[in-house]
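Colleague: Give the three-dimensional model of this entry:
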Amino acid sequence: MKLICRIFTALILSANAYAADWIVQQTPVISTLRSVWGSSGSNVFAVGDSGKIIRYDGNTWTEIQNLASELRGVYVHSETCVFVVGYGGKIFRYNGTQWDTMNSNITDNLRDVWGSSETDVFAVGDSGTILRYDGTGWTATISSDEKPYLWGVWGSSGDNVFAVGNDGAVFRYNGIAWSETASSVSKHLKAIWGSSKTDIFAVGDGGTLIHNDGSKWTAMNVSADFGNLTGISGTSESDVYAVSSSGKIIHYDGASWTEMTNPSGKGLYGIWGSPDGEMFAVGDGGTVLFRKGEIAYNLTGKVFTDVVGYVTPVAGATVRLTGNSLNESLVSDNSGKYSFNVPAGDYTLEAESNYFDKVTQTVTVSEGEIMSKDIQLGDKSSEIYTQDDVDQAVSEAVSKAVSQAVSDERKKYDPSGDGKVGLEEAVHALKVSADTP
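Modeller: Sure, this is the predicted structure:
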């Protein structure tokens with residue numbers, strides 16, 4: 001078992017002020033970037049031609065890998081769980097330290113990847129290819145007899161997943177099997193995204209825009225020719241963005257689509273929105289565009305624990321919100337924070353992390369109210385730590401405390417200030433560290 005004790009690393013946040021316009025960010029590559037995804041605004045990955053992979057830490061883009069494959073899709077679950085797909089059936093997984101090649105058992109080109117969790121991931125591609133990863137391996141599913149090329153995949157949950165492709169093809173997975181659904185269009189569909197299971201958008205060639213309200217697909221009216229649309233994402237049902245290979249950026253405010261200025265003028269292929277409302281778009285020549293957004297969260301809080309006698313945040317905890325026709329999940333950031341933007345109603349709030357018991361709470365969000373709900377995790381009483389676990393935690397905790405921790409962070413985990421991390425702190429590090437099998 002590999003333990004990555006990230007609790008000793010200070011979180012550096014971008015100080016950019018709110019800006020309504022897109023800006024060009026500097027990147028270290030000139031190859032075309034095809035896809036972008038992240039777990040937060042300070043953990044964003046972009047992939048593309050010539051095997052290029054770059055990462056954004058909230059301040060700077062850095063090239064972190066050059067894989068021997070044309071890359072087309074990326075899904076980021078957390079800092080220690082990233083999936084990338086590409087030509088020739090290539091699938092790679094990043095564990096926070098290294099990239100490993102996964103066995104897909106196919107040679108068809110893969111074009112997109114999305115997951116509901118780190119053990120429930122879907123990949124789609126040529127010849128109707130649909131793969132699913134269950135935490136142990138990838139399994140192929142035949143989508144239809146026609147086997148159209150599939151370009152995009154997204155879901156509101158693991159039992160409500162959509163794949164889109166050529167000739168208006170749309171397939172839906174209900175947790176048991178895939179079935180084809182009528183899309184109302186015949187153009188090639190290139191990307192799909194939704195804010196919930198009753199608010200889903202798909203885009204494609206010829207400016208095609210369709211919307212699903214949870215029951216059927218309908219074409220959306222547009223007043224201009226936006227070209228071949230290649231990517232779509234957003235922050236809510238009234239804050240949606242789509243991009244095109246000709247460099248168009250369009251925005252939907254819940255009523256109509258309007259064009260925005262692309263400061264780079266370059267063709268764009270992928271777009272993603274962070275939980276904090278930040279938008280990233282990628283495209284030709286290593287282009288990355290950034291838009292600092294504002295999003296009004298009405299349910300927020302922190303995941304924390306006091307198992308060793310003092311309060312400390314739990315980073316990387318899975319926080320899930322269900323109810324009122326929603327099923328959303330996210331990962332707490334390095335300060336333990338989580339945030340949802342949801343309609344008024346009654347919900348079930350769950351939080352779980354390695355070495356802690358899962359906590360389930362009920363919460364009611366009222367209209368116009370901003371609710372703060374902290375979640376306290378306790379010991380998983382059935383968990384047994386081996387001596388090897390403790391020894392490894394001690395070794396890694398001491399090393400990181402000495403070589404990486406800044407003074408403020410060290411005070412949290414070295415209260416005496418003597419530069420040493422004792423057994424109690426090490427066991428605590430073991431509990432809240434990100435665990436990658």
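Colleague: ranges for the helices of the stretch 251-400 of the chain?
Modeller: For the stretch 251-400 of the chain, applying DSSP state H, counting those that start in this stretch gives helices covering 387-403.
Colleague: okay, and for it, where does confidence drop off?
Modeller: 294-297, 308, 368, 380-400 (pLDDT under 70).
Colleague: how about a cut-off of 50?
Modeller: 400 (pLDDT under 50).
Colleague: quick one: the strands in it?
Modeller: 257-260, 268-273, 279-283, 287-291, 299-305, 312-313, 318-323, 326-331, 337-340, 345-352, 359-365, 371-372, 375-376 (DSSP state E, counting those that start in this stretch).
Colleague: Neighbouring strands - and their directions - for the second one?
Modeller: To tie it back to what came earlier, the one meant is strand 268-273. Applying DSSP bridges, strand 268-273 is found paired with strand 279-283 (antiparallel).
Colleague: How about Trp154: what's its closest non-neighbour residue?
Modeller: Ile192 (4.6 Å; CB to CB, 6 or more residues apart in numbering). For every residue, glycine as well, the C-beta is placed using N, CA and C.
Colleague: repeat for Asp21
Modeller: Counting by CB to CB, 6+ apart, the residue nearest Asp21 is Thr261, at 6.7 Å.
Colleague: ok, the one you found touching Val24?
Modeller: No - if you go by CB atoms under 8 Å, Thr261 and Val24 don't touch, sitting 11.4 Å apart.
Colleague: quick revisit: OK, contacts around the residue nearest to Trp154?
Modeller: Gly152, Val153, Trp154, Phe162, Ala163, Val164, Ile200, Phe201, Ala202, Val203, Ile232 (CB atoms under 8 Å, 6 or more residues apart in numbering).
Colleague: Angles on the backbone of it, please.
Modeller: phi -150, psi 150 (degrees, to the nearest 10).
Colleague: Tell me what it is bridged to.
Modeller: Ala202.
Colleague: The one 4 residues further on now?
Modeller: When bridges are taken as DSSP bridges, the partners of Ser196 come out as Asp199.
Colleague: List the residue ranges of the stretch 1-150 of the chain that fall below the pLDDT cut-off.
Modeller: Scanning the stretch 1-150 of the chain for pLDDT under 50 picks out 1-19.
Colleague: go again using 90 as the cut-off
Modeller: For the stretch 1-150 of the chain, applying pLDDT under 90 flags the ranges 1-21, 65-69, 141-148.
Colleague: on that earlier part again, and the residue nearest to Asp21, how many neighbours does it have?
Modeller: Using other CB atoms under 10 Å, Thr261 has 9 other residues around it.
Colleague: Backbone torsions only: list them for it.
Modeller: Backbone torsions of Thr261, given as degrees, to the nearest 10, read phi -80, psi 130.
Colleague: give the contact list for it.
Modeller: Asp21, Trp22, Ile249.
Colleague: okay if I get those as JSON lines plus distance to Ile210, neighbour count and secondary structure?
Modeller: JSON lines is the format used below for those (distance: CB to CB, whole Å; neighbours: other CB atoms under 10 Å; DSSP: H, G, I helix; E, B strand; the rest coil):
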{"residue": "Asp21", "distance to Ile210": "28", "neighbour count": "10", "secondary structure": "coil"}
{"residue": "Trp22", "distance to Ile210": "25", "neighbour count": "20", "secondary structure": "coil"}
{"residue": "Ile249", "distance to Ile210": "19", "neighbour count": "23", "secondary structure": "strand"}
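Colleague: So which of these is the closest to Gly115?
Modeller: Nearest to Gly115 out of those is Ile249 (CB to CB; 26.4 Å).
Colleague: Beta-bridge partners for that closest one, please?
Modeller: With DSSP bridges as the rule, Ile249 is bridged to Val243, Met260.
Colleague: Val359 too?
Modeller: Ala351.
Colleague: What's the local residue count around it?
Modeller: With other CB under 10 Å as criterion, Val359 counts 17.
Colleague: Now do it against Thr136, distance only.
Modeller: 27 Å (CB to CB, to the nearest Å).
Colleague: next one: Leu326
Modeller: Counting by CB to CB, the gap from Leu326 to Thr136 is 29 Å.
Colleague: between the two, who's got more neighbours?
Modeller: Legend: neighbour count by other CB under 10 Å for Leu326 and Thr136, higher for Leu326 (18 against 7).
Colleague: got the contact list for stretch 210-223?
Modeller: With contact meaning CB under 8 Å, 6+ apart, stretch 210-223 is reached by 162, 170, 181-185, 189, 194, 197-203, 207-209, 250, 256-257, 325.
Colleague: switch the cut-off to 6 Å
Modeller: Contacting residues not belonging to stretch 210-223 are listed as Ser183, Ser184, Val185, Lys197, Thr198, Ile200, Phe201, Ala202, Leu209, Trp257 [CB atoms under 6 Å, 6 or more residues apart in numbering].
Colleague: Lys187: neighbouring residues, count only.
Modeller: By the criterion of other CB under 10 Å, Lys187 has 18 neighbours.
Colleague: That one and Leu299, how far apart?
Modeller: Taken as CB to CB, the span from Lys187 to Leu299 is 38 Å.
Colleague: Can you give me the domain assignment for this protein?
Modeller: 20-291, 299-376, 387-436 (automatic domain parsing).
Colleague: Which stretch among those domains is buried most, on average?
Modeller: Mean neighbours per residue, mean count of other CB atoms under 10 Å, is largest over the domains of the chain for domain 20-291, with a mean of 20.
Colleague: Can you dump the C-alpha atoms of stretch 217-224 in PDB for me?
Modeller: Extracted C-alpha coordinates of stretch 217-224, given in PDB (Å, rounded to 0.1, in the frame of the first residue of the first chain):
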ATOM      1  CA  TRP A 217     -33.900  15.400 -26.400                       C
ATOM      2  CA  THR A 218     -34.900  18.600 -28.200                       C
ATOM      3  CA  ALA A 219     -33.000  20.900 -30.500                       C
ATOM      4  CA  MET A 220     -32.100  24.300 -29.100                       C
ATOM      5  CA  ASN A 221     -32.700  27.500 -31.200                       C
ATOM      6  CA  VAL A 222     -29.600  29.500 -32.100                       C
ATOM      7  CA  SER A 223     -29.500  32.800 -33.900                       C
ATOM      8  CA  ALA A 224     -26.100  32.400 -35.600                       C
END
